[in-house]
Structures are given as C-alpha cells and as structure tokens.
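A.B. asks: got a structure for you, letters missing:
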C-alpha cells in the first residue's frame, strides 16, 4: 500500500503484535523541494537514515507489517511533534518555551541537515509548513496508529520497533575511554516507553546476533517513542539506532561490502523480536 507519505508492506499473514517502522529512510526528493534548497542532492541526504528500510524490510517474512516513510527527513521530520515549528525558519511562528530540538534547527520542518548545514536561504511560508504536516506527517502517523490499533484488537498488545541509524561520530563519548563502542542503541525513554520484558528480549536478540548493545545513551527515543510508548496499556515502543559505519560509507552514502552480512544478522534479530509478539508467547493475564 503506497501513499505519498509512506509505503506500507503487509505480511501474507499477520502473526505477531510487533510493527516495524522507519520514519527517516524516505528518499523521494521531489523537484520542487530541491529547487527550494541551497544544498545539492547528495548534501541534503546527510540526515537521511539511508537504507534502513532495506535492513529491516524482511520484517514481513516474519509476520510483521513494515511502515516506511516516503518523504525525506530533510523535508518533514516524522519523529517530531507537529507543533514543533521553528520560528527561525517558518514565517509567522512565535517563539515559545525553549525547545533544544527547535533551537538546533531540527523541528518538524528541519532548518538544517547533518553538521548544522542550512537547507534554505530564507524562511518558508507558514502555509508550506502546514501543507507538509497535513499531507505527509498526519497520514504517516494515522497509518502507524492504525497498525497499532489493529494489533491491539488481534493480539491484545502492540509493540513498535522504530528503526533508525546513527552517525558513527555520535558514539565517540559513549562509555569509558578505550572501551568498545555500541553497534546498537535501544531507546525506551529510560523504561517509560516499554516494559522490562520487552526491552530485555529485544536487547537479547541483538546481542545473540553479535551486536554490542547500549540503552538510552546517547539516544533515549524521540517523539515517536514518547508518543506511542504506553506499557501500562500494553503498547510498547522502542527506538533502535544502528551505527551507520557498520554498513554504509557515511560520506558517500553508499553500501559497504558488509551490507548484506549486516542485513542477514538483522534478519535473525527481526525473527526473534517478532517472536516476542506471538500470541502464544504473550504473558497470561491474571484471572
């Protein structure tokens, strides 16, 4: 199922309460957007989670739906609240309480890409910001909420795995000096977005596939994890960040020779995560 805002790939049979989603791997850079930007087509991709949709695309083989963004992150950031409008970029938006994401140029309509490079020369009309939110942000989130609601009806529970990638340099200060850096960072908002049962099994799945795993540092989860993680309502959300250096040349944005091997290892992780949400694997409710 395709929409301008997303592609939804469904399994032949839905057998798990897990939903996989990739909100930052969209790469439909339309001509009108590129004409607005002062960056070239390569530079503007620097904040994209390149190829993450391919790494996690095997989710449907294991009974889980996979929702992937169509629009690129530089155009509209689906992992921000719709209200996070940047007054330094959007005309007629008033400054409100300090928001570090907006202040750094990373609101719902980003002002910059990686390394703080400006996307535009001047400001955008408020109507353009609303158009992107209404045409792309809202449909994506409606589709995501619909999948989670369906899983609640089918399985009594929903688990969202929000798939991302992180620049290798973001890991420089993680852990003790000289210690191996993590390959994967799992964000559950320090326990607020997922139960211990779910996060522990997700971590175990990555560890069993040979990935070094950290939790919540330096990424604890952004808007999506915060908005959808409701473990007391049997709805869990975990942000997964994978070190880009494992599978792409970050400067060229090209697959490394190890790409297929990483994808195979991740498929084993996906299979284990899908098993968490099998109906016969859910904890029995108290009578």
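C.D. replies: Happy to help now that I have it. Keep in mind that what you see is a predicted model, and the values were worked out from it rather than measured.
A.B. asks: okay, strands next: where are they in the stretch 51-200 of the chain?
C.D. replies: Using DSSP state E, counting those that start in this stretch, the strands of the stretch 51-200 of the chain run over 66-69, 158-166, 184-187.
A.B. asks: for the longest one, packing partners?
C.D. replies: Meaning strand 158-166. If contacts are counted by 3 or more CB pairs under 8 Å, 6 or more residues apart in numbering; DSSP states H and E, strand 158-166 sits against strand 18-22, helix 52-55, helix 138-155, helix 223-228, strand 235-243, helix 259-276. In short, each C-beta sits where N, CA and C put it, glycine included.
A.B. asks: point out the most buried one among these.
C.D. replies: Compared across the helices and strands packed on strand 158-166, strand 18-22 shows the largest average neighbour count, a mean of 27 (mean count of other CB atoms under 10 Å).
A.B. asks: just want the angle from that one to strand 235-243.
C.D. replies: Relative orientation of strand 18-22 versus strand 235-243 (axes from the mean of the first three to the mean of the last three CA atoms, to 10 degrees): 40 degrees.
A.B. asks: so what does strand 18-22 touch, helix or strand wise?
C.D. replies: strand 66-69, helix 138-155, strand 158-166, helix 259-276.
A.B. asks: hang on, the earlier thing: adding distance to residue 268, write the strands of the stretch 51-200 of the chain out as CSV.
C.D. replies: Below are the strands of the stretch 51-200 of the chain laid out as CSV (distance: least, CB to CB, whole Å):
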stretch, distance to residue 268
strand 66-69, 17
strand 158-166, 14
strand 184-187, 13
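A.B. asks: format those as CSV; extra columns: mean pLDDT and distance to residue 31.
C.D. replies: Formatted as CSV, these follow (pLDDT from 0 to 100; distance: least, CB to CB, whole Å):
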stretch, mean pLDDT, distance to residue 31
strand 66-69, 98, 19
strand 158-166, 97, 26
strand 184-187, 98, 35
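A.B. asks: of all those, which lies closest to residue 254?
C.D. replies: strand 158-166 (13.9 Å; CB to CB).
A.B. asks: angle of that closest one against strand 18-22?
C.D. replies: With the same axes, to 10 degrees defining the directions, strand 158-166 sits at 30 degrees from strand 18-22.
A.B. asks: tilt between strand 158-166 and helix 138-155?
C.D. replies: Using the same axes, to 10 degrees: strand 158-166 against helix 138-155 is 140 degrees.
A.B. asks: what pairs with strand 158-166, parallel or antiparallel?
C.D. replies: Paired strands of strand 158-166, with direction, are strand 18-22 (parallel), strand 235-243 (parallel) (DSSP bridges).
A.B. asks: now mean pLDDT too, for those, in TSV please.
C.D. replies: Below are these laid out as TSV (pLDDT from 0 to 100):
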stretch	mean pLDDT
strand 18-22	98
strand 235-243	98
